[in-house]
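Participant: The sequence isn't on hand, but the structure is:
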């Protein structure tokens, strides 16, 4: 049943080859001081940094540089960013990068004027912001997380071996996002496919849950089919603009709250993947791909109707003369075959997980109750062993 | 190819049985004077009027009544509404009704402080608002147009025999909309099915256009499948909450700009339907259903790849051993069979069109250039004759 919900997603998106031309139009809505967040410097090689800085300069902004946002942004880095933002009286935080940079920008946005430890407040205790929030804008250079149009922010604490996401409300969502598919062309293939799988898994987490099927499930199937088709083209030719643009657009809608509306969701793959990430610092999308199939095979019998539907509607499996279980199995086999085409990681050993880490990873895994089966800690161990 | 575009849809939606409980939260954002627009009074019979007025009263609002919004709101009524809004210094326009009431509210919103004839400015000349815009909110009681989450507004001028829609920008979109599927339970079956077909046709108009297939087409297919499945349940049991809620939600997304993003669109069925409407004042959805099949059969050969895809992906036609044309034909036959299940009008004769009106209707039909085939006036006559 389509349950009660509210929906509001005010992020303004500019999509296409000329998208950055619209940046000044947005910049003029904010004050002079802009915190420019980015990662390891790849944007300085591919021209994106120059394009953005030019727009900031013609808009008369003071640029406060905040480079070095790492793939899994840390609580330590967050504290440094907050200090920078406060000391420079920042009016806008502009994230130029992928999901990690956007996530980090949102974390700084709610934390800069927080009078206690933001890691504790927002991630350990999941409190909501009650202090000044600095507006965030994004220039996306890597596709996958959907962070450009949602309130999500994942932060890692290496000392505590925890990686935790907080989904903030619409007041924390980026005010605008610049989406130019060409900006993603120089992303290494491994990062591209990790992002594609991340987006696909976001849809799965919202799809594989709930007793009834509703509009959200149908939209999910459309997004999954679009991602599958386009990713098969992009993996052959990463410069295929059409494929990359469809991937970018599908990924945005995979996690901007739409396909979760009116239904329960399951985020267990992300919970296990994040725990793996906290132990290995592995690429987020690869931690998901490495545990997905063992997880889905583990829960399949508890949600067989949906796995059958997935096989038929997403993977075009012909159900004629087969049991539901056979159809469902074939669906997951088709998914596995697509994952191999992409070349995403299919086991956690390749990510650096060793036998002795399993107990710790299981301890760090949050157990969701929205899926077809509520896992026990022992179930997590079983799934992790299957993922080795 | 997914072309350049921008996307922003800030309307806040409250969906579900308790949605009206959130009305006071929204009302407090606006001043004291609320123009309450509604139609022929059905909302006074089904309790919706009382529920809304109670919320307005506890929110301390002055209610300025504006009843009598007709199914195809007229330029004359618009002028009356503008006078009411101005004279009462209205702070918010609250539309309680279906698409016509929402369309009318948006028309008053941009027109009340327009210093010339709004019909001429916004509908004949398609100018954009450069004057004060009064915010609009909606309480939806009839499903179909998507007007609750878009900038569209269709106004009819009976003297000029013209029915014209203007799609305004995000500043005119409703600030909020209350979507309670139960509010649609008392709508007569004919209005329900007309609304369902209207929503379905909105998707078709955006789907049957463009050389390439992209993410929007995949989302469209999902929405169409959801509508087909739920409408088959609702037509048997109009009190089926799940079916009605999925129809309501699909209809909102069928026309809030999402599924048109990055692609060309065709609105020819609406153009012919609106011309039929201007001559007959028939129910909007029925004018669309009456001309759709002759139109699609007329253009099918020019967009055969898409009609084949429609047959396979939306209607589950097995393409094995058939020509593309045979597959496409079977898709339209399946659609026709579904339309008969719904009981929507399949010819314009039943709407009151007579042979002598055809030339005039063709003259009043705007010829779009976004579809697979650009029609001539003679083509419109052919399609109208096929629709008799």
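Facilitator: In hand now; what should we look at? This structure is a prediction, so every number in the text was calculated from the model and none was measured. Numbers count the residues shown, from 1 in each chain, chains lettered A, B, ... in the order given.
Participant: residue contacts, residue A:187?
Facilitator: Counting by CB atoms under 8 Å, 6 or more residues apart in numbering or on different chains, residue A:187 touches A:98, A:141, A:142, A:143, A:195. Using the backbone N, CA and C atoms, a C-beta is placed for each residue, glycine as well.
Participant: Could you pull up the residues touching the last one?
Facilitator: With contact set as CB under 8 Å, 6+ apart, residue A:195 has these partners: A:98, A:99, A:142, A:143, A:144, A:145, A:187, A:247, A:251, A:285.
Participant: Check the second one too.
Facilitator: The contact partners of residue A:141, taken as CB under 8 Å, 6+ apart, are A:42, A:43, A:46, A:48, A:96, A:97, A:98, A:183, A:184, A:187.
Participant: Verify the stated contact: the third one with residue A:183.
Facilitator: Yes. Contact between residue A:46 and residue A:183 holds when scored by CB atoms under 8 Å: they sit 7.5 Å apart.
Participant: out of the two, which sits in the busier spot?
Facilitator: The residue with more neighbours, out of residue A:46 and residue A:183, is residue A:183; 27 against 16, by other CB atoms under 10 Å in any protein chain shown.
Participant: So what does the more buried one have for phi and psi?
Facilitator: For residue A:183, the backbone dihedrals (degrees, to the nearest 10) come out as phi -70, psi -20.
Participant: One more: residue A:343?
Facilitator: Here residue A:343 shows phi and psi, under degrees, to the nearest 10, equal to phi 80, psi 30.
Participant: tell me the pLDDT at it?
Facilitator: If you check residue A:343, the pLDDT there is 97.
Participant: In contact with it, which residues?
Facilitator: Here residue A:343 is in contact with A:189, A:190, A:193, A:235 (CB under 8 Å, 6+ apart).
Participant: With residue A:165 instead?
Facilitator: Here residue A:165 is in contact with A:152, A:153, A:154, A:155, A:270, A:274 (criterion: CB under 8 Å, 6+ apart).
Participant: I'd assumed the fourth one was in a strand, is it?
Facilitator: Yes. Counting by DSSP: H, G, I helix; E, B strand; the rest coil, residue A:155 falls inside a strand.
Participant: For it, list each beta-bridge partner.
Facilitator: residue A:164 (DSSP bridges).
Participant: so what's it scoring on pLDDT?
Facilitator: We have a pLDDT of 96 for residue A:155.
Participant: correct me, but it touches residue A:79?
Facilitator: No. With contacts counted by CB under 8 Å, residue A:155 stays clear of residue A:79, the gap being 10.5 Å.
Participant: between these two, which one's more packed in?
Facilitator: Taking neighbours as other CB under 10 Å, residue A:155 and residue A:79 compare with residue A:155 leading, 26 against 15.
Participant: Distance check, the more buried one against residue A:286.
Facilitator: 19 Å (CB to CB, to the nearest Å).
Participant: mind showing which ranges of chain A have poor pLDDT?
Facilitator: A:1-2 (pLDDT under 70).
Participant: let's see 90
Facilitator: Applying pLDDT under 90 to chain A flags the ranges A:1-4, A:40-41, A:72, A:161, A:163, A:210-213, A:370.
Participant: Now do the host helix or strand of residue A:359: which elements does it pack against?
Facilitator: Element membership for residue A:359 (DSSP states H and E) is helix A:358-363. Packed against helix A:358-363 by the contact rule (3 or more CB pairs under 8 Å, 6 or more residues apart in numbering or on different chains; DSSP states H and E) you find helix A:268-280, helix A:377-386.
Participant: Direction-wise, compare the helix or strand following the first one with helix A:268-280 and give the angle.
Facilitator: It stands for helix A:268-280. Once helix A:268-280 ends, the next helix or strand along the chain (criterion: DSSP H and E) is helix A:284-299. Helix A:284-299 and helix A:268-280 are oriented at 130 degrees to each other (axes from the mean of the first three to the mean of the last three CA atoms, to 10 degrees).
Participant: who are the neighbours of helix A:284-299, in terms of helices and strands?
Facilitator: Contact here means 3+ CB pairs under 8 Å, 6+ apart; on that basis helix A:284-299 packs against helix A:189-207, helix A:268-280, helix A:324-342, helix A:377-386.
Participant: ok, and what's touching the second one?
Facilitator: Counting by CB under 8 Å, 6+ apart, helix A:268-280 makes contact with A:72, A:154, A:156-158, A:161-165, A:201, A:204-205, A:282, A:284, A:287-288, A:290-292, A:295, A:348, A:351-353, A:357, A:360-362, A:364-368, A:371, A:375, A:380, A:383-384, all of which sit outside it.
Participant: The last one now?
Facilitator: Helix A:377-386 is contacted from outside by A:272, A:291, A:294-295, A:297-298, A:348, A:353, A:358-359, A:361-363, A:365, A:367, A:373, A:375, using CB under 8 Å, 6+ apart.
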